[in-house]
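> Based on what follows, work out the 3D shape:
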Amino acid sequence: MDETKALPLISIIVPVYNVKDYVEKCLDSICGQSYTNLEIVVVDDGSTDGSGKICDAYASKDRRIKVIHRKNGGLSAARNEGLDAATGEFLGFVDSDDWIDLDMFKFLYELLETEEADISICSHYIEKSGRTKIKYSSDKVLNLVPCDAMRLLVEDDIIRNFAWDKLYRRTLFHELRFPQGRYFEDIAVMYKVFYQARKIVMKGCPKYHYMVRTNSITGSKYNPEKEYHMFLAVYEQCTFIQEKELWDKAPVFIIRSGVHLMDHIMLVPSSPFVEEIVRDVLNKMHQYDNFSFRQIGMAIAVKRWAIYHNLSRYRSVYRFVRSVFKSKSHRF
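The predicted structure is shown next:
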């Protein structure tokens with residue numbers, strides 16, 4: 001029996017937008033996978049730098065690649081179009097400025113099948129400024145029911161809120177799509193995918209290479225809207241978990257995320273948009289005022305108290321402290 005035909009089809013969705021310097025390395029790492037029964041769905045999201053033509057050239061050489069050219073609509077829209085086009089029994093995602101080890105999908109498929117899970121997860125490398133860092137590494141296999149996996153997802157340490165270090169049964173995305181017009185779309189959808197799974201398995205072997213670029217969404221300087229979208233994603237995630245009675249401590253992370261956002265927003269000039277963000281974040285934080293300093297941690301509790309009682313003074317003090325630390329760091 002032909003081994004390739006015996007294996008189920010894995011659809012790999014690759015959104016592409018102006019990554020001509022990276023996309024070849026990405027596609028080479030996918031086309032060279034030791035797991036060969038692949039459907040590689042490349043979605044060119046209106047690239048203007050020739051990335052789409054590079055993808056077309058790869059498709060002419062590898063019949064497993066199909067390229068979809070679309071008007072620019074953002075990462076979520078591109079992924080969603082890929083989901084609509086995918087036909088495989090399993091799904092994976094790879095961002096087009098990243099690359100993967102040649103055995104990543106073989107590793108994830110065998111892990112998923114061996115443990116009879118709906119989602120399998122590996123670890124990843126962080127590639128930044130020519131340096132490689134391993135985020136998490138362990139040979140231990142974690143077999144998790146959804147509520148336990150979602151706790152780790154909220155903590156965002158061992159299991160991260162990324163779409164791309166996982167293999168999924170395609171049925172999990174039957175009614176789910178990534179939210180459009182939002183930053184941090186992975187956080188906004190991953191907990192919903194996990195909730196539908198019967199079992200999630202994690203083995204912390206790094207197989208994915210995550211490239212941090214200074215001009216990317218994750219690598220750029222502070223942006224109030226981006227930070228607000230992060231808070232909203234955490235708020236929705238933790239509220240969902242609490243309402244489903246999966247973990248009563250989930251709102252602690254709403255408070256921490258709110259305080260983190262407030263710290264950053266203190267550094268930008270005030271505007272109607274910024275003030276609207278502040279009001280909404282404070283309203284959402286106030287929903288969980290019953291959580292004590294012991295539950296949220298002393299440092300966060302003190303900051304929360306200061307923000308609640310005198311926001312303008314907190315802004316002044318925070319800016320002063322930041323300027324002092326910044327001047328000291330320049331001095332040494």
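> any idea which residue sits dead centre in this structure?
Residue closest to the mean C-alpha point of the chain, counted by C-alpha atoms, centre = their mean, is residue 162 at 2.9 Å.
> Which residue, other than its chain neighbours, is closest to it?
Using C-beta to C-beta, 6 or more residues apart in numbering and skipping residues adjacent in sequence, the residue nearest residue 162 is residue 186, 5.4 Å away. (C-beta placed from N, C-alpha, C; glycine too.)
> so where does the one you found fall, helix or strand?
When elements are assigned from DSSP states H and E, residue 186 belongs to helix 185-196.
> just checking, residue 274 touches residue 268?
Yes - assessed by C-beta atoms under 8 Å, residue 274 is found in contact with residue 268 at 6.3 Å.
> So the two - more neighbours on which side?
Counted by other C-beta atoms under 10 Å, residue 274 and residue 268 do not tie: residue 274 has more neighbours, with 16 against 13.
> and the gap between the nearest residue to the more buried one once chain neighbours are set aside and residue 281?
Using C-beta to C-beta, 6+ apart and skipping the chain neighbours, the partner closest in space to residue 274 is residue 224 (5.7 Å). Going from residue 224 to residue 281 by C-beta to C-beta, to the nearest Å gives 11 Å.
> just residue 175 next, same as before
In terms of C-beta to C-beta, residue 175 sits 30 Å off from residue 281.
> what are the ranges of the strands in this structure?
Ranges of strands in the chain, per DSSP state E, are 10-16, 38-44, 65-69, 90-93, 99-100, 119-128, 131-134, 141-144, 166-169, 200-211.
> Redo the ones you listed as CSV? Include mean neighbour count.
Below are these laid out as CSV (neighbours: other C-beta atoms under 10 Å):
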stretch, mean neighbour count
strand 10-16, 25
strand 38-44, 25
strand 65-69, 18
strand 90-93, 27
strand 99-100, 25
strand 119-128, 22
strand 131-134, 10
strand 141-144, 16
strand 166-169, 24
strand 200-211, 22
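> Which one, of those, ends up nearest to residue 306?
For residue 306, the closest of those is strand 119-128, at 33.4 Å, according to C-beta to C-beta.
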